[in-house]
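coords please:
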Amino acid sequence: MMLNKNNILLETKNITKTFGGIHAIEDVNLHINKGEINALIGPNGAGKTTLFNCITGFYPPTKGRIIFNGEDITGLKPHQIAETGMARTFQNIRLFAEMTVMENILIGSQCRYRMTLLGAILNDKRTKNEEREISRKALQYLRFTGLSKFANHLARNLSYGDQRRLELARALATEPKLLLLDEPAAGMNLNETKGLMELIKKIKDEEITILLIEHDMRMVMKIADTITVLDHGIKIAEGTPKEVQKNEKVIEAYIGRRRRTA
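The predicted structure is shown next:
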């Protein structure tokens, strides 16, 4: 696959993560181009979420470097990485269930503003202007994700599919350059998955780069520009959906494993 260095948004260089001597991922080199939808796939236990956790600062890599938007972010904490322009969702929904939909979005917006405690106490002009801007953008993200009619509903009262959309909206509120989605279609029915695919394409149209982990191969093959495949913590393939579908190592990783466990 041809690489244009000027177009790379995220690059991992020989990322390795060990737990008690066990290599969860080993020497993984990943290149994410700006403006693309990238899928990270592999059998269960392949190391996909571990790689996500290293990229987003939840795990420090044992070895290797992470370059984001031209800057070395290796070893930064999750909140510091969020401030650089990276956001993520998780396999399990992590909303503030007892807060409203709007309040969840407002929390996501906080890393982009610099309101001070003193400003909040004094309620000065700058603070008022920032509060208005935060609210305006929050409504914009709710409209974008189709959730504006639920703005004042508690997050826990949303349907499962809408809770997934709210997680996306909250992540978008951080104004990311790169959005990482960890199994966004997990637990969704066919209609919800179709709506999610349309939303992800809309996000791409907003010039936000996407990296997702997903087990729904029909979805991956329809929306991904590039696919990277992990197996036992090692990258075994990378390319377009058509290229990956024909790769013998990928076929063996999926079909061969099913045969051995049958």
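
Check which helix or strand residue 210 maps to.
Assigned by DSSP states H and E, residue 210 belongs to strand 209-213.

which strands and helices sit next to that strand?
strand 8-19, strand 22-33, strand 37-41, helix 48-55, strand 178-182, helix 190-205 (3 or more CB pairs under 8 Å, 6 or more residues apart in numbering; DSSP states H and E). In this view, the C-beta of every residue, glycine as well, is placed from N, C-alpha and C.

can you give me the mean pLDDT across it?
Strand 209-213 comes out with an average pLDDT of 97.

residue boundaries of the helices in the chain?
Applying DSSP state H to the chain gives helices spanning 48-55, 78-84, 101-109, 117-122, 125-144, 160-172, 190-205, 217-223, 241-246, 248-251, 257-261.

what's across from the residue nearest the centre of the chain in the sheet?
Closest residue to the average C-alpha location of the chain: residue 180 at 1.2 Å, with CA atoms, centre = their mean. Beta-bridge pairing of residue 180 under DSSP bridges involves residue 88, residue 211.

pretty sure it contacts residue 214?
No. Residue 180 is beyond contact range of residue 214, at 11.7 Å (criterion: CB atoms under 8 Å).

ok, back up a step: relative to residue 17, which of the helices of the chain is closest?
Among the helices of the chain, the nearest to residue 17 by CB to CB is helix 48-55 (5.4 Å).

helices and strands around that closest one, which ones?
strand 8-19, strand 22-33, strand 37-41, strand 178-182, strand 209-213.

Residue 99 is nearest to which of those?
The minimum distance between residue 99 and the helices and strands packed on helix 48-55 falls on strand 178-182, with 21.7 Å, by CB to CB.

For the closest residue to residue 171 other than its chain neighbours, grab the count of nearby residues.
Using CB to CB, 6 or more residues apart in numbering and skipping residues adjacent in sequence, the residue nearest residue 171 is residue 87, 4.1 Å away. Neighbour count of residue 87, defined by other CB atoms under 10 Å: 23.

Kindly reformat the helices and strands packed on strand 209-213 as TSV and extend each row with mean pLDDT.
Below are the helices and strands packed on strand 209-213 laid out as TSV (pLDDT from 0 to 100):
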stretch	mean pLDDT
strand 8-19	97
strand 22-33	96
strand 37-41	97
helix 48-55	96
strand 178-182	97
helix 190-205	95
